[in-house]
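Engineer: return a 3D structure for these sequence lines:
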Amino acid sequence: MTDKPGKAPKKVKEKRQTPEERLEALRYNHMMYGPTAGEGRPAVKKINFGASYLSHPKFQALLAAFKKDGAFKFDVTDKAKVYAISTEGSHLSFDGRIIFYSRPLNRHEDNLLLDRAAATQYQGIDAFVHLVFAVLRSFPELGAPPLSYLHHQFYLGAETLEAGIADQGPNLLIGPYKHNRAHEQARK
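Structural biologist: Below you'll find the model as predicted:
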């Protein structure tokens with residue numbers, strides 16, 4: 001007899017489930033059986049892409065310069081890194097790479113084109129994603145933006161933007177927009 005006569009034996013505690021074990025059990029149950037009847041799904045967070053740029057005066061000046069073939073530049077910071085957004089002539093650049101550019105269509109309109117290779121290179125940067133959607137939304141004559149953004153990738157319809165580079169080339173025609181150069185030349 002090794003126990004002391006005055007003490008009661010220790011009561012064995014039940015092992016409690018840790019939060020990590022509970023999450024793993026929930027994942028397994030969801031995988032095998034699906035969600036329970038009373039369990040609610042988290043609401044999908046809708047992001048208004050481009051809204052931060054659309055009302056900003058620097059972005060408005062950038063677009064005015066782009067439509068008039070002028071020059072304008074400003075910097076934006078994303079995750080402690082500074083990126084330069086600029087326009088010179090018919091090009092709109094992000095961090096030194098041309099993203100959007102225009103080509104003449106007729107006397108009053110230009111075609112807006114997107115460089116797919118550059119867009120896929122910067123698609124993980126939030127400031128760039130908002131810039132792309134702000135530019136597309138700022139031209140009302142283009143209608144709804146043809147691009148969508150999901151899981152850090154741009155999509156054109158059902159396929160990724162990157163998938164169309166091999167078939168259709170790096171240039172994506174967005175559509176025609178009205179420029180301001182004809183009005184200024186008529187006034188002179």
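
Engineer: helices or strands next to the host helix or strand of residue 52 in the packing?
Structural biologist: Here residue 52 sits within helix 51-54, counting by DSSP states H and E. Contact here means 3 or more Cβ pairs under 8 Å, 6 or more residues apart in numbering; DSSP states H and E; on that basis helix 51-54 packs against helix 126-137. All C-beta spots, glycine's among them, are computed from the backbone N, C-alpha and C.

Engineer: so which residue is smack in the middle of the protein?
Structural biologist: Nearest residue to the geometric centre of the chain (Cα atoms, centre = their mean): residue 129, 3.3 Å.

Engineer: contacts only, for it.
Structural biologist: Going by Cβ atoms under 8 Å, 6 or more residues apart in numbering, residue 129 touches 49, 123, 149, 154.

Engineer: backbone phi and psi for the first one, please?
Structural biologist: With angles defined as degrees, to the nearest 10, residue 49 sits at phi -60, psi 130.

Engineer: what ranges do the helices span in the protein?
Structural biologist: Here the chain has its helices, by DSSP state H, at 19-33, 51-54, 57-67, 116-121, 126-137, 164-168, 181-187.

Engineer: and these, which is most packed in?
Structural biologist: helix 126-137 (a mean of 21; mean count of other Cβ atoms under 10 Å).

Engineer: could you give the angle of that one to helix 57-67?
Structural biologist: Orientation of helix 126-137 against helix 57-67 (axes from the mean of the first three to the mean of the last three Cα atoms, to 10 degrees) gives an angle of 50 degrees.
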